[in-house]
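[1] the following comprises the amino acid sequence and a computationally predicted model.
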Amino acid sequence: MTAIEPGKTRIGWIGTGVMGHSMCGHLIDAGYQATVYNRSPEKTQGLVDKGATAVDSPRAVAENSDVVFTIVGFPSDVRQVMLGEGGVLEGSREGMVLVDMTTSDPSLAIEIAEAAKAIGVQAIDAPVSGGDLGARNAALSIMIGGDAETVRRIDPLFQLMGKTIVYQGGPGSGQHTKMVNQTLIASGMIAICEGLLYAHKVGLDIPTVLKSVSSGAAGSWSLSNLAPRMINGDFDPGFFVEHFLKDMKIALDEASKRNLALPGLALGYQLYHAVAAQGHRRDGTQSLILALAKLNGFDWKNENR
């Protein structure tokens, strides 16, 4: 593959949802020609309006691209899009690069990398953190596994989508790093919700409390970005509960393979199942506050007005 350059390097993008739409849009805005696909074609319209070409299969994306990015929902979706009938590998040719930015199984990332290498293609796993805001603001953290030289060559594309871009090692390393990220978030979200519930119950002004605690030792991205949404009753998805459940299950499975006990993560997984059972599967992860408030016998939306 030649050097990455706007106007010459052709980009493929599969998955134009909450995050993927913005991420692909940054590449188009930088001058890259893009071919896009989504299972719900109407979700590609904003990118088509920017100049992208929509096609009807992942294979067609690959046939018209030099670098193909995917960011879909679940490992089963990654497998189908990459390895299935009409998938990316069927349309790939020697010298291409495939970049999966879905949070997925590390073992699947290795399987895809090996299948791609057999036909002269490099496959990179590059899951992201930062949610809808990070995607819109090109401020994502990108955790990368795969061939180091290939990662170096396509770095100009990563730079258009993220602020923290770190190579972690061989295939699967990006996914393993994302599991660390999700493990940290799971316990942290419980703590944030419990802190807000405490502040509410003792009668403090919660926005004022946040001014004090957000810049101290308790500060975190989730506290600064998601706690205000909880306070304002905004439970729109920056990251879906059902996708977080998927991520935690992957991390727990990987830990189990290594006889590693992660009780904090396991608790988070169970609590988020409660969130899903209460009808918030397609809401944002900040909706954990609703489940924990209900556990304490009150309705957060109504009492926190």
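    Noted; the coordinates are in hand. All values derive from a computational prediction rather than experimental measurement. Numbers count the residues shown, from 1 in each chain.
[2] please make it C-alpha for all contacts and neighbour counts, starting now.
    Will do.
[3] so how far is stretch 25-41 from its chain's centroid?
    17 Å (Cα atoms, centre = their mean, to the nearest Å).
[4] what does it contact?
    For stretch 25-41, the surrounding residues in contact (Cα atoms under 8 Å, 6 or more residues apart in numbering) are 5-16, 44, 47, 50-58, 61, 64-65, 138, 157, 160-161.
[5] for stretch 204-215, same thing?
    Here stretch 204-215 makes contact (Cα under 8 Å, 6+ apart) with 196, 199, 200, 219, 220, 223, 224, 228, 231.
[6] redo the residues you listed as JSON lines? Include distance to residue 276, secondary structure and pLDDT.
    Formatted as JSON lines, these follow (distance: Cα to Cα, whole Å; DSSP: H, G, I helix; E, B strand; the rest coil; pLDDT from 0 to 100):
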{"residue": "196", "distance to residue 276": "21", "secondary structure": "helix", "pLDDT": "97"}
{"residue": "199", "distance to residue 276": "25", "secondary structure": "helix", "pLDDT": "97"}
{"residue": "200", "distance to residue 276": "24", "secondary structure": "helix", "pLDDT": "95"}
{"residue": "219", "distance to residue 276": "27", "secondary structure": "coil", "pLDDT": "95"}
{"residue": "220", "distance to residue 276": "24", "secondary structure": "coil", "pLDDT": "95"}
{"residue": "223", "distance to residue 276": "21", "secondary structure": "helix", "pLDDT": "96"}
{"residue": "224", "distance to residue 276": "24", "secondary structure": "helix", "pLDDT": "95"}
{"residue": "228", "distance to residue 276": "21", "secondary structure": "helix", "pLDDT": "96"}
{"residue": "231", "distance to residue 276": "20", "secondary structure": "helix", "pLDDT": "96"}
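[7] now the buried members of the residues you listed.
    196, 199, 220, 223, 228, 231 (16 or more other Cα atoms under 10 Å).
[8] of those residues, which pair is most distant in space?
    Greatest spacing in the buried ones among the contacts of stretch 204-215, by Cα to Cα: 199 and 220 (17.7 Å).
[9] so, low pLDDT: which residues of this protein?
    Applying pLDDT under 70 to the chain flags residues 1, 305.
[10] now with 90, please.
    The model of the chain has pLDDT under 90 over residues 1-3, 18, 238, 301-305.
[11] biggest strand in it, by residue count?
    strand 162-169 (DSSP state E).
[12] and the furthest pair within the contacts of stretch 204-215?
    200 and 220, at 20.0 Å, using Cα to Cα across the contacts of stretch 204-215.
[13] now residue 54. Nearest residue, chain neighbours left out?
    Once flanking residues are discounted, residue 54 sits nearest to residue 36: 4.8 Å by Cα to Cα, 6 or more residues apart in numbering.
[14] could you measure from the one you found over to residue 51?
    Using Cα to Cα, to the nearest Å, one gets 10 Å for the distance from residue 36 to residue 51.
[15] more neighbours: those two, which one.
    The residue with more neighbours, out of residue 36 and residue 51, is residue 36; 32 against 17, by other Cα atoms under 10 Å.
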